[in-house]
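Student: Here is my input, please return the structure:
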Amino acid sequence: MTDGNGVSPLDAHLGYWLRFVSNQVSHAFATKLAARGVTVAEWVVLRDLFERDAMAPSALAERLGMTRGAISKLADRLAAKRLITQAPDPDDRRYQTLALTPAGRALVPELSALADRNDAEFFGHLAPSERAVIEEAMKGIVRRLGLRSIPIE
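Tutor: Numbering: from 1, shown residues only. The predicted structure is shown next:
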């Protein structure tokens with residue numbers, strides 16, 4: 001759909017509406033996390049480490065589609081907050097492993113509840129069938145384009 005000059009309006013694009021909603025959802029979640037002293041990127045790392053005993057930073061970077069440098073910075077910040085440990089790998093001292101501390105492990109369910117609440121605030125009004133259609137459409141785009149990077153901003 002274009003105007004008389006052959007230029008489509010901003011809101012004629014599905015990407016505009018996706019970004020409009022995404023920005024609001026992301027900002028609201030980031031605000032909730034900030035109140036607990038954690039960023040979205042830190043939450044992603046904590047949540048992923050919650051599933052495992054320990055992991056090499058390089059493996060975590062690969063899993064999350066992030067650079068090793070980004071993981072290193074996040075790990076340093078989370079270690080300073082005493083939410084993860086950075087320990088030498090017992091099999092090869094040149095490498096380290098990342099693991100949640102007891103405080104980090106206790107925090108993840110609380111942050112997960114914030115994520116659930118944020119999701120409900122924005123999407124709780126949708127019928128399960130509507131939500132399923134939107135979710136499958138988004139997952140289909142991710143699969144088709146081979147997208148891998150976890151959204152952290």
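Student: all contacts plus neighbour counts: C-alpha atoms, from now on.
Tutor: Will do.
Student: where in the chain is pLDDT low?
Tutor: Applying pLDDT under 70 to the chain flags residues 1-4, 89, 153.
Student: how about the strands of it, start to end?
Tutor: 84-88, 96-100 (DSSP state E).
Student: can you put those strands in JSON lines and add mean neighbour count?
Tutor: JSON lines is the format used below for those (neighbours: other C-alpha atoms under 10 Å):
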{"stretch": "strand 84-88", "mean neighbour count": "19"}
{"stretch": "strand 96-100", "mean neighbour count": "22"}
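Student: can I get those in JSON lines with distance to Val40?
Tutor: As requested, those are arranged in JSON lines below (distance: least, C-alpha to C-alpha, whole Å):
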{"stretch": "strand 84-88", "distance to Val40": "16"}
{"stretch": "strand 96-100", "distance to Val40": "17"}
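Student: For stretch 70-82, buried residues please.
Tutor: 71, 74-75, 78-79 (16 or more other C-alpha atoms under 10 Å).
Student: Throw the residues you listed into a markdown table and include distance to Pro109, thanks.
Tutor: Formatted as a markdown table, these follow (distance: C-alpha to C-alpha, whole Å):
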| residue | distance to Pro109 |
| --- | --- |
| Ile71 | 22 |
| Leu74 | 19 |
| Ala75 | 19 |
| Leu78 | 16 |
| Ala79 | 19 |
